[in-house]
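K.L.:
Structure for this input, please:
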Amino acid sequence: MQPAVAPAAADDAGPHATGPVSGRPPAPPVVRPRRRDPLTRMGPWAPAAGAVLGLVAGLVAVWVLGGRADGFAEGLSLAFLVVGLTMLGAAAALLADEVRLVRRGAREAAVRPAWVEATAGLINGLTPARLLLGSSAFVLFLSAYTAR
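P.N.:
All right, here's what the predicted structure looks like:
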């Protein structure tokens with residue numbers, strides 16, 4: 001069986017006409033110079049603000065649980081809770097700043113040689129944020145331990 005209507009022949013089966021390009025080709029991407037911003041965007045007040053926020057959270061917990069603390073151990077546990085939450089608030093602000101620095105370093109990693117990355121891991125092992133986070137976890141553990 002043959003189709004009833006034969007398809008029309010393509011009009012542009014021959015060579016294509018060429019002409020001048022109407023605009024300039026797009027420019028290649030430009031490597032911008034590195035920004036001269038400070039290392040910490042949040043400022044020196046950020047850990048203090050985080051600590052105040054943690055202190056407020058700890059005081060709210062003491063206000064809620066204060067009537068139920070009968071003995072010395074439970075009161076000591078609440079004190080450890082306030083100190084631990086205060087330290088945790090300060091650590092959160094420092095960790096956020098550290099994450100921002102690591103992300104910026106990852107963006108600039110293509111520019112640096114490979115040996116810099118190997119030594120940076122040794123230097124950056126224990127930062128103040130990680131030390132504060134670990135010590136706040138220990139203080140919160142002490143709070144739970146003294147409450148039992």
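K.L.:
which helix of this structure spans the most residues?
P.N.:
helix 72-107 (DSSP state H).
K.L.:
Going by neighbour count, which residues in that one are buried?
P.N.:
77-95, 97-98 (16 or more other C-beta atoms under 10 Å). Placement of C-beta: from N, CA and C, glycine included.
K.L.:
what helices or strands is it leaning on?
P.N.:
helix 46-65, helix 128-147 (3 or more C-beta pairs under 8 Å, 6 or more residues apart in numbering; DSSP states H and E).
K.L.:
just the angle between it and helix 128-147, please?
P.N.:
160 degrees (axes from the mean of the first three to the mean of the last three C-alpha atoms, to 10 degrees).
K.L.:
any idea how far the residue lying closest to G75 once chain neighbours are set aside lies from A79?
P.N.:
In space, and not counting its chain neighbours, G75 is closest to A69: 4.9 Å by C-beta to C-beta, 6 or more residues apart in numbering. Distance, A69 to A79, by C-beta to C-beta, to the nearest Å: 10 Å.
K.L.:
Can you lay out the helices and strands packed on helix 72-107 as TSV showing mean pLDDT?
P.N.:
Shown next, in TSV, are the helices and strands packed on helix 72-107 (pLDDT from 0 to 100):
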stretch	mean pLDDT
helix 46-65	87
helix 128-147	92
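K.L.:
In JSON lines: those, plus distance to R24 and mean neighbour count.
P.N.:
Formatted as JSON lines, the helices and strands packed on helix 72-107 follow (distance: least, C-beta to C-beta, whole Å; neighbours: other C-beta atoms under 10 Å):
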{"stretch": "helix 46-65", "distance to R24": "47", "mean neighbour count": "16"}
{"stretch": "helix 128-147", "distance to R24": "49", "mean neighbour count": "16"}
